[in-house]
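> generate a structure from the sequence data that follows.
(one chain, ligands or ions: 1)
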Amino acid sequence: MFPTDRPRRLRTDGLRSLVSETRLEPTDLIAPVFVDATTDERVPIESMPGHERVPVSEATERVHEVTETGVETVILFGVPESKDARGSRAYADDGVVQRATRRITDETDATVITDVCLCEYTDHGHCGVLEADAETDPTTTVRNDETLDLLARTAVSHAEAGADVVAPSSMTDGMVTAIREGLDDAGHTDVALLSYAAKYESSFYGPFRDAADGAPAFGDRRHYQMDPANAREARREVRLDDQAGADLLMVKPALPYLDIVAETRRQTDRPVAAYNVSGEYAMLHAAAEKGWLDLEATAHESLLSIKRAGADLIVTYFAERVAENL
Ligand code: PBG
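Sure, this is the predicted structure:
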């Protein structure tokens, strides 16, 4: 007895690439860039080896480094010069992301996505306006409806600065509708909206919160971000944002949530993005540093898996490194 149907026939050097079902391209990848109003020099981010916060004066150069690898899109995060209760530097015309966006869109061909959230700009580190008793009552944190207006103002100010895509990440109910209306009323009908539609309250965001200085001063984000236990609820979040007209829909994090990526791919005809978050990046680096994993190979395999699960686009701190080796 011997098997007549032999899958191994297709695994020769010649046939393997012919039958390969998934291919990563540099243009699938989106590189996060941190611009920092508090520094004149690049500052390395300790928990994210190879990443730095850059001053606005170096934003263009930083983006050129990205585009040289073939990656065409960046997502900007800002570290403001000051913070207050309502995150006013998030929607200031001369805010750090607005200034960086102006430069980058004037001086490069890169596609610019801006993260729209308040947590890096509020002195309490939450993603919106706080309830009066938020600090003492752990069952309440952010005022949903009062936050919508500030998110819309932030998105409009990014659009005025030249952003191609705005990406709300605050998990505020109604954020897509509020931002779309704000953009359209201000004449920015061509600015696209990438919604962080299914964003989980994840422990994998730790290194990012160091990088962008956005950790909550008290409490956590479980009243607005999703419970990691829930999958059906992600369908609901995705449906709401799809119906509200989000142009692209994102799942975050990526690797521990590949079931959600796959389900979102089945659910919508819109492009699906996944965010390979800071903790997913940091853990491969830490293991590689110990000599336990090969960084190049595991980074590539991670991104390939995310694409295979159904993501068209991947936001990843590995963007440049992986693109260079494709
Ligand atoms: C802002 C935001 C966060 C991330 C992206 N946008 C932090 C958070 O929600 O706590 C995390 C990204 C990462 O970990 O790489 N709300």
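> longest helix in this protein, please.
Counting by DSSP state H, the longest helix found in the chain is helix 144-161.
> and Arg308, which helix or strand is it part of?
Take DSSP states H and E as the rule and Arg308 turns out to sit in helix 295-309.
> helices or strands next to that helix in the packing?
helix 258-267, strand 272-276, helix 278-289, strand 313-316, helix 319-324 (3 or more Cβ pairs under 8 Å, 6 or more residues apart in numbering; DSSP states H and E). Bear in mind the C-beta positions are built from the backbone N, C-alpha and C, glycine included.
> could the ones you listed be laid out in JSON lines, adding mean pLDDT, mean neighbour count and distance to Asp133?
Listed next are the helices and strands packed on helix 295-309 as JSON lines, based on pLDDT from 0 to 100; neighbours: other Cβ atoms under 10 Å; distance: least, Cβ to Cβ, whole Å:
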{"stretch": "helix 258-267", "mean pLDDT": "98", "mean neighbour count": "19", "distance to Asp133": "33"}
{"stretch": "strand 272-276", "mean pLDDT": "98", "mean neighbour count": "28", "distance to Asp133": "32"}
{"stretch": "helix 278-289", "mean pLDDT": "97", "mean neighbour count": "19", "distance to Asp133": "31"}
{"stretch": "strand 313-316", "mean pLDDT": "98", "mean neighbour count": "25", "distance to Asp133": "35"}
{"stretch": "helix 319-324", "mean pLDDT": "98", "mean neighbour count": "21", "distance to Asp133": "42"}
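> what's the closest of those to Gln98?
For those, distance to Gln98 was read as Cβ to Cβ. The smallest value, 20.7 Å, belongs to strand 313-316.
> contacts for that closest one, please.
Residues outside strand 313-316 that contact it (Cβ atoms under 8 Å, 6 or more residues apart in numbering): 28-32, 75, 248, 250, 254, 271-276, 281, 303, 306-307, 322.
> roughly how far is that strand from the heart of the chain?
Distance, stretch centre to chain centre, for strand 313-316: 8 Å (Cα atoms, centre = their mean, to the nearest Å).
> please save the CA atoms from it in CSV.
This file holds the C-alpha atoms of strand 313-316, laid out as CSV (Å, rounded to 0.1, in the frame of the first residue of the first chain):
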residue,chain,number,x,y,z
LEU,A,313,-3.3,45.5,5.2
ILE,A,314,-1.2,45.2,8.3
VAL,A,315,-0.1,48.0,10.6
THR,A,316,3.2,46.7,12.0
